[in-house]
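Engineer: structure for this input, please:
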Amino acid sequence: MVSLRRMGHPELASLPPQARILCLRLSALGDIVFALPALHALRQALPEAEIHWLTEDRHAGLLAGHPYIDQLHQFPRKSWRMGRGLGPMWGHFRGLREGGRFDLVFDFQGNLKSALQEVFIPSKHKIGFDAPIAREGSQRFLDHRVCVEPRTARYLRDLALVEACGWKGSAPLHHRWSLADEAVQAMAGTIPDGTILLHTTTTDYGRDKAWAHASWRRLACLLLEQGHTLRLLWTAAEEPEVHAHVEAVRDFIGTDANIALAPATTSLAHLMALLDQAKGFIGTDSGPLHLGAYRGTPVVGLFGATDPFIYTPPGEQVRLVYGGKEGEEPPPRDRSRRSPWMDRIAPEAVVEALDDLLRAQP
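Structural biologist: Down below sits the predicted model:
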């Protein structure tokens, strides 16, 4: 159930066919993916609308070339983090102010970072979440506040904003849109047919989502014994840690074990092209997991630190292995260390989930 606190109810049906609409979701990668069904719903409701999306520059590669986005705006987070001063930031805000009025603005972010953008965006109808989903007082910058139960699946929560404006329909829960030829060609044939991708690392902000190194290595050995081909995702900062997994497994099984680092993915488009080729993907609650699931890659998600009721990707191509009981909420997060609930996940349970998932594939 949703309700809309409003001044002048914004209805999609009352907008002109070529209405200008802005979707605001700056970060993080997985959360942007969760908002994509809402984008699909908007395009479904207003096929001729001019839909814009505002995101951080580090995630722009996910949305560049998306068929439902007419114009992509980038918040210059990299410039700010690299100490280049206020120039790029002010240029961004000036561009928002001078870029024309929007008929509707959807704030899927709901924090002070998105509220700062809204100060500069011309629109009489800025729609977002009411507290407690809206944080840091960001709801005060909205014209319309949508009340949603906090423990709601993330993709349904985002769809609720569109539903509050009159949309009724069924948005696809996965969508594999075409990628740039360069990315497809760069990744073509870089992994063997039937490869299972493992995502063994987490960000510093998500340390509590980590699964023990010993568990990842045990899982790899079990999968290799079944005859699977394994490739491990990595970034430049993570390469030593991921390479250590490969060497440890080869030391145990033998140097001819069919496990190696995945090819380097220098952009999100390259990552998507790689995910599209994989037979399956195993990872913790992370951006690559959600991205793979949304593009239709069969995925197994390992959950312990975060609530799977909220964060599990939807769809038949997903299997869940959870450190708690079904329906049980995890304890409050402590991002400084691995959640003890992650240690409850047995590698054998992950193998079973993958077997079940692959048997179900057409």
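
Engineer: so A293 is in which element?
Structural biologist: helix 287-294 (DSSP states H and E).

Engineer: and that helix, what does it pack onto?
Structural biologist: On a contact count with 3 or more C-beta pairs under 8 Å, 6 or more residues apart in numbering; DSSP states H and E, helix 287-294 meets helix 29-45, strand 195-199, helix 268-277, strand 280-284, strand 299-303. C-beta coordinates here come from the backbone N, C-alpha and C atoms, glycine included.

Engineer: give me that answer again for 6 Å
Structural biologist: helix 29-45, strand 299-303 (3 or more C-beta pairs under 6 Å, 6 or more residues apart in numbering; DSSP states H and E).

Engineer: what's downstream of the longest one, the next helix or strand?
Structural biologist: Tracing the chain C-terminally past helix 29-45 and defining elements by DSSP H and E, one meets strand 50-56 next.

Engineer: pairing partners for that next one, with directions?
Structural biologist: strand 20-24 (parallel), strand 71-75 (parallel) (DSSP bridges).

Engineer: the stretch 101-250 of the chain: helices as residue ranges?
Structural biologist: 112-119, 154-163, 181-187, 213-225, 239-253 (DSSP state H, counting those that start in this stretch).

Engineer: on that earlier part again, redo the helices and strands packed on helix 287-294 as JSON lines? Include distance to L173, mean pLDDT and mean neighbour count.
Structural biologist: JSON lines is the format used below for these (distance: least, C-beta to C-beta, whole Å; pLDDT from 0 to 100; neighbours: other C-beta atoms under 10 Å):
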{"stretch": "helix 29-45", "distance to L173": "6", "mean pLDDT": "98", "mean neighbour count": "22"}
{"stretch": "strand 299-303", "distance to L173": "13", "mean pLDDT": "98", "mean neighbour count": "27"}
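
Engineer: for M342, which of these is the nearest?
Structural biologist: strand 299-303 (7.1 Å; C-beta to C-beta).

Engineer: okay, now the sheet partners of that closest one, with direction.
Structural biologist: Short version: by DSSP bridges, strand 299-303 pairs with strand 280-284 (parallel), strand 318-322 (parallel).

Engineer: phi, psi of I259?
Structural biologist: phi -140, psi 140 (degrees, to the nearest 10).

Engineer: state the pLDDT value of it.
Structural biologist: Confidence at I259, expressed as pLDDT, is 98.

Engineer: and what of G83?
Structural biologist: 58.

Engineer: could you look up the SS state of L62?
Structural biologist: Put simply, L62 is helix when judged by DSSP: H, G, I helix; E, B strand; the rest coil.

Engineer: for it, which non-adjacent residue is spatially closest?
Structural biologist: L268 (4.7 Å; C-beta to C-beta, 6 or more residues apart in numbering).
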